[in-house]
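Undergrad: Sequence and predicted structure are below.
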Amino acid sequence: MNRPMFLVTNDDGIESPGIQLLEAAASLFGDVLTVAPKSEMSAVGQSITLHAPLRMQKYSDSRFAVVTGTPTDCIYLATNHLVAKQPSMVLSGINHGANLGYDVVYSGTVAGARQAALQKIPAIAFSYAGGVTPPTDDILPYVIEIIRQTLTQRFPREVFLNVNIPSTKIGPVAGYKVTRLGHRIFSTTVESRIDPRGSEYVWIAGRRSGDDDFPDSDSTAIQQGFVSVTPIQLDTTAHSLIPTLTDWKIFSEPAESKTDQ
């Protein structure tokens, strides 16, 4: 029986402790190929590099860094350039910090998993909600169990999992919960400063100021000490709004009347 092949990436860079933990977990189940950004690429979202060349730095036959590359670049290069056979699964993370609620729009960690789903490859994004504390090997059992469970299931096309693990420093993990995306609340702050030549520059400096209190949200699960497992689909159509839009006059008028104003 062929061993599964896992493609591992992240957005914290190939030297981060989180990706090394994820490699260790994946190696228990199959072969591992790591293709990750050379340096920090947090909050780059689904960005892909189309207007500049990319260079790869080889660490070993199974570890590559993409210089200036985003997580999306890494998945694209790995699956379309480095390997002839598609990986069995893509694992992205383990992110240093939570990716909850609308964080998934900006997160490079989540983008790595989303890119895999776009290519119809099963994928999981892992994040550690430990604040300033980087992930350590005490969270490995939870990562391993999620991978084990996922390997035994038929994975839906164009869906991936977003997994957040609570801090193990403030108490034991309470268990696992299937969740939905919540609403994290951030202050919207832009700090203006003046450089030595008298020109203005700015920092986007929003900080988290709270979370929703939905009982089934990912952020609530983390606050309660549970591992949050959120299935995310690529189709972001607001299906419930389609009947309302269909009733708009512009969709029922003859085409010529729409421009005859």
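TA: Good, I have the coordinates.

Undergrad: Could you report the separation of the most centrally placed residue in the chain from residue 205?
TA: Of all residues in the chain, the one closest to the mean position by C-alpha atoms, centre = their mean is residue 110, 0.8 Å from it. In this view, residue 110 and residue 205 are 22 Å apart by C-beta to C-beta, to the nearest Å. Every C-beta, even on glycine, is put in place using the N, C-alpha and C of the backbone.

Undergrad: can you pull out the helices in the stretch 101-250 of the chain?
TA: 103-106, 108-118, 140-151, 218-223, 242-246 (DSSP state H, counting those that start in this stretch).

Undergrad: Tell me where the model's unsure across the stretch 101-250 of the chain.
TA: Scanning the stretch 101-250 of the chain for pLDDT under 70 picks out the ranges 208-210, 212.

Undergrad: Now do the contacts for residue 201.
TA: The contact partners of residue 201, taken as C-beta atoms under 8 Å, 6 or more residues apart in numbering, are 192-195.

Undergrad: Provide a list of residues in contact with residue 31.
TA: Contact analysis of residue 31 by C-beta under 8 Å, 6+ apart lists 3-6, 62.

Undergrad: What about residue 65, how many residues nearby?
TA: Residues within reach of residue 65, counting by other C-beta atoms under 10 Å, total 20.

Undergrad: right, I mislabeled it, should have said residue 239
TA: 7.

Undergrad: coming back round to it: mind giving me CSV with the contacts of residue 201 and columns for distance to residue 41 and neighbour count?
TA: Below are those laid out as CSV (distance: C-beta to C-beta, whole Å; neighbours: other C-beta atoms under 10 Å):
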residue, distance to residue 41, neighbour count
192, 26, 8
193, 24, 9
194, 29, 9
195, 25, 8
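
Undergrad: Can you add distance to residue 137 and give those residues back as TSV?
TA: Formatted as TSV, the contacts of residue 201 follow (distance: C-beta to C-beta, whole Å):
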residue	distance to residue 137
192	43
193	40
194	45
195	43
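
Undergrad: Mind checking which of the residues you listed land in strands?
TA: 192-194 (DSSP state E).

Undergrad: Between the residues you listed, which sits nearest residue 40?
TA: The nearest member of the ones in strands among the contacts of residue 201 to residue 40, counting by C-beta to C-beta, is residue 193 at 21.5 Å.

Undergrad: before we move on, the earlier item: isn't the residue nearest to the centre of the chain up against residue 97?
TA: No. At 12.0 Å, residue 110 does not count as touching residue 97 under the criterion of C-beta atoms under 8 Å.

Undergrad: returning to what we had before: OK, contacts around the residue nearest to the centre of the chain?
TA: 92, 99, 103-104, 125, 162, 232.

Undergrad: if I look at it, how far off is residue 242?
TA: From residue 110 to residue 242 the distance is 26 Å (C-beta to C-beta).

Undergrad: swap in residue 114?
TA: In terms of C-beta to C-beta, residue 114 sits 23 Å off from residue 242.
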